[in-house]
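A.B. asks: Okay, predicted coordinates and the sequence, questions at the end:
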Amino acid sequence: MMSRQHKPFPADFLWGASTSAYQCEGASDIDGKGPSVQDVKEPFPGTPDFKVASDQYHHYKEDIALMAEMGFKVYRFSVSWSRVIPTGDGPINQKGLDYYSDLVDECLKYGIQPLVTMYHFDLPQALAEKGGWGRRECADAFIRFAKVLFENLGSRVKYWLTINEQNMLTLVGPLIGTFNAEGVKNIQKELYQQNHYMMLAQAQVMALCHEMVPGGKIGPAPNISAVYPASCLPEDVKAAELFSAIRNWFYLDMAVYGVYNHQVWSFLEMQDALPEIAEGDMEILASGHPDFIAFNYYNTGTVARDESTEMPDPGSFDQQRIASFPGLYRGVKNGNLPTTQWGWEIDPIGFRNTLNQVYSRYRLPIIITENGLGAKDKVEADGSVQDDYRIEYLQRHIEQMQLAIDDGVEMLGYCPWSAIDLISTHEGFEKRYGFIYVNRDNFDLKDLRRIRKKSFFWYKKVIATNGADLSN
Ligand code: BGP
């Protein structure tokens, strides 16, 4: 067996963690904030609304101090568009801007780099009512919002992310609550039209960042997973290759090269779901260049060929479509992998594979903006939270990230999900991800006290040793 010396993590490696505004801030109707689509949507059954969340709006000083105690070099948070511009395209809410300005200062006070996501699933409701991302004007409003952020925070914030998981917004927007399918005739076409406008907005915002932010670095933040074929049968391999293009490369090819992935274009053509492209759009798309690729990684996907001859209604939405398309590919369970309490497959080696695939295709440095284990944590009688399962998950993923560095992947940083407990997309407070426990339940707000979990102390050591000591 060959063994080799690990390459160390880069000296300036950005260790930190992530959150998003609507899932952790709370204060959803305070200090002039306008409603977002998340505030008005019907919460998933058994889960709370976003009014209070983790109440970071009122606890940010304490939260950042705890992150500093862990030794964070970076904190990835998102800006709520409707806190800064309540209607999305109207007047600016100075109080909202002040909040983010203070949050940035608080990070910098401890030497923590803010990594700011501009849009994480929380479109201003007023824009949604006008047709949301289905209208080109939404892209214009986003560009204006970005300008406001660059003008006000650009001298202090060096790292920016455009849109969180644009691929998930496109593939499963109706499930995330960001897409209202009511009255839409061809849902697929509408989703890919929205995607086109997001792409246009992203390209322009990337260019703008380089113009307006001295030393500014910006990138997209999709959710990327290696896709395995269910067997080595060439038809299965082809199915996996196509699904990977649809799920992953379509978004990154556009962000990096400004081109529509040829296979996905033809897949959309087959479904009558091609977006309308105006004159000049392709030039705009080619004009934005990311400095790095950020991506969220939770698991891999596995697909087999699908030989059904019946094509689904091309204009409809079916949540199974995220990993299955009759006649082309079908998502299957990977029997080799353990799963989380919520059935998500756990695949640390798949993380190394994914990192290598992304780096081989795009040759840009990578920052991981989400990775983590959702679990039902319990506060023990002595007040501690013994989340060894989370430590093990993170250990195994960091080990594989280290191996990817050995492989030659250029890594900028690692921000697991999540810095503190927050409201999960579908499971509320039942499913926790944080290093810091937030003392509340789904419907009992308790005292919102912050408790350092066992993983808090473990991650502190990982950061202090720059990833050299991962032991529990
Ligand atoms: C990502 C989202 C996050 C977060 C995470 C965990 O897709 O960017 O916002 O929620 O998934 O998912 P969940 O909350 O469903 O467990």
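C.D. replies: Now that the structure is in, tell me what you want to look at. Numbering: from 1, shown residues only.
A.B. asks: How is residue 168 assigned, secondary-structure-wise?
C.D. replies: What DSSP: H, G, I helix; E, B strand; the rest coil gives for residue 168 is helix.
A.B. asks: count of residues packed around the nearest residue to it once chain neighbours are set aside?
C.D. replies: Excluding its sequence neighbours, the residue lying closest to residue 168 (C-beta to C-beta, 6 or more residues apart in numbering) is residue 223, at 5.4 Å. Any C-beta I mention is one placed from the backbone N, CA and C, and that applies to glycine too. By other C-beta atoms under 10 Å, 21 other residues sit near residue 223.
A.B. asks: who touches residue 223 in this structure?
C.D. replies: Contacts for residue 223 (C-beta atoms under 8 Å, 6 or more residues apart in numbering) come out as 165, 167-168, 295-298, 370.
A.B. asks: I'd like the residues you listed written out as JSON lines, with neighbour count and pLDDT added.
C.D. replies: Shown next, in JSON lines, are the contacts of residue 223 (neighbours: other C-beta atoms under 10 Å; pLDDT from 0 to 100):
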{"residue": "165", "neighbour count": "24", "pLDDT": "97"}
{"residue": "167", "neighbour count": "25", "pLDDT": "96"}
{"residue": "168", "neighbour count": "20", "pLDDT": "93"}
{"residue": "295", "neighbour count": "25", "pLDDT": "98"}
{"residue": "296", "neighbour count": "22", "pLDDT": "98"}
{"residue": "297", "neighbour count": "25", "pLDDT": "98"}
{"residue": "298", "neighbour count": "20", "pLDDT": "97"}
{"residue": "370", "neighbour count": "23", "pLDDT": "98"}
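A.B. asks: and the stretch 151-300 of the chain, which residues reach the ligand?
C.D. replies: Contact residues (C-beta under 6 Å from any ligand atom) of the stretch 151-300 of the chain with the ligand: 164-165, 168, 223, 296.
A.B. asks: now, which of those lie within helices?
C.D. replies: residue 168 (DSSP state H).
A.B. asks: So residue 443 is in contact with residue 46, correct?
C.D. replies: No. Look at residue 443 against residue 46 with C-beta atoms under 8 Å: they stay out of range, at 9.1 Å.
A.B. asks: need the contact list for the residue in the stretch 1-150 of the chain positioned nearest to the ligand.
C.D. replies: In the stretch 1-150 of the chain, the residue that lies nearest the ligand is residue 20 (5.0 Å; C-beta to the nearest ligand atom). Contacts for residue 20 were tallied using C-beta under 8 Å, 6+ apart; they are 77-78, 117, 120-122, 164, 422.
A.B. asks: just curious, which of those residues is nearest to residue 305?
C.D. replies: Compare each of the contacts of residue 20 with residue 305 using C-beta to C-beta and the shortest gap goes to residue 164, at 31.7 Å.
A.B. asks: in the sheet, who's paired with that closest one?
C.D. replies: Taking DSSP bridges as the rule, residue 164 bridges to residue 221.
A.B. asks: list the helices and strands the helix or strand encompassing residue 391 packs on?
C.D. replies: Using DSSP states H and E, residue 391 falls within helix 388-407. When contacts are defined as 3 or more C-beta pairs under 8 Å, 6 or more residues apart in numbering; DSSP states H and E, helix 388-407 sits against helix 348-362, strand 411-414, helix 454-464.
A.B. asks: so that helix versus helix 454-464, what angle?
C.D. replies: In terms of direction (axes from the mean of the first three to the mean of the last three C-alpha atoms, to 10 degrees), helix 388-407 departs from helix 454-464 by 20 degrees.
A.B. asks: between helix 388-407 and helix 348-362, how many degrees?
C.D. replies: Using the same axes, to 10 degrees: helix 388-407 against helix 348-362 is 40 degrees.
A.B. asks: and helix 388-407, how far out from the chain's middle?
C.D. replies: A distance of 19 Å separates the centroid of the chain from that of helix 388-407, by C-alpha atoms, centre = their mean, to the nearest Å.
A.B. asks: which sections of this structure are below the confidence cut-off?
C.D. replies: Within the chain, the ranges that satisfy pLDDT under 70 run 1-4, 311-321.
A.B. asks: so where do the strands sit in it?
C.D. replies: 14-18, 74-78, 113-119, 159-164, 217-221, 227-229, 293-296, 301-305, 329-331, 366-370, 411-414, 436-438, 450-452 (DSSP state E).
A.B. asks: wait, does the second one contact the ligand?
C.D. replies: Meaning strand 74-78. No. If you take C-beta under 6 Å from any ligand atom as the test, strand 74-78 misses the ligand, and the best it gets is 8.9 Å.
A.B. asks: Can you tell me what sits against that strand?
C.D. replies: Here strand 74-78 makes contact (C-beta under 8 Å, 6+ apart) with 14-21, 24, 64, 67, 103, 107, 112-120, 122, 159, 161, 164, 369, 413, 415, 419.
A.B. asks: try 7 Å this time
C.D. replies: Contact with strand 74-78 is made by 14, 16, 18-21, 67, 103, 107, 112-117, 120, 164, 369, 413, 415, 419, as judged by C-beta atoms under 7 Å, 6 or more residues apart in numbering.
A.B. asks: Pull out the buried residues from the top helix by length along the chain.
C.D. replies: Ranked by residue count under DSSP H, the longest helix found in the chain is helix 187-212. Residues of helix 187-212 classed as buried by neighbour count (16 or more other C-beta atoms under 10 Å): 187-209.
A.B. asks: got the angle between that helix and strand 217-221?
C.D. replies: Orientation check (the same axes, to 10 degrees): helix 187-212 against strand 217-221 gives 170 degrees.
A.B. asks: Is it possible to get TSV of the contacts of residue 20 that adds distance to residue 260 and neighbour count?
C.D. replies: Formatted as TSV, the contacts of residue 20 follow (distance: C-beta to C-beta, whole Å; neighbours: other C-beta atoms under 10 Å):
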residue	distance to residue 260	neighbour count
77	32	27
78	27	25
117	24	23
120	25	23
121	24	23
122	27	27
164	21	25
422	35	27
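A.B. asks: Once you drop chain neighbours, what's closest to residue 449?
C.D. replies: Here the residue nearest residue 449, using C-beta to C-beta, 6+ apart, is residue 439, at 4.2 Å.
A.B. asks: I'd assumed residue 451 was in contact with the one you found.
C.D. replies: Yes. Assessed by C-beta atoms under 7 Å, residue 439 is found in contact with residue 451 at 6.3 Å.
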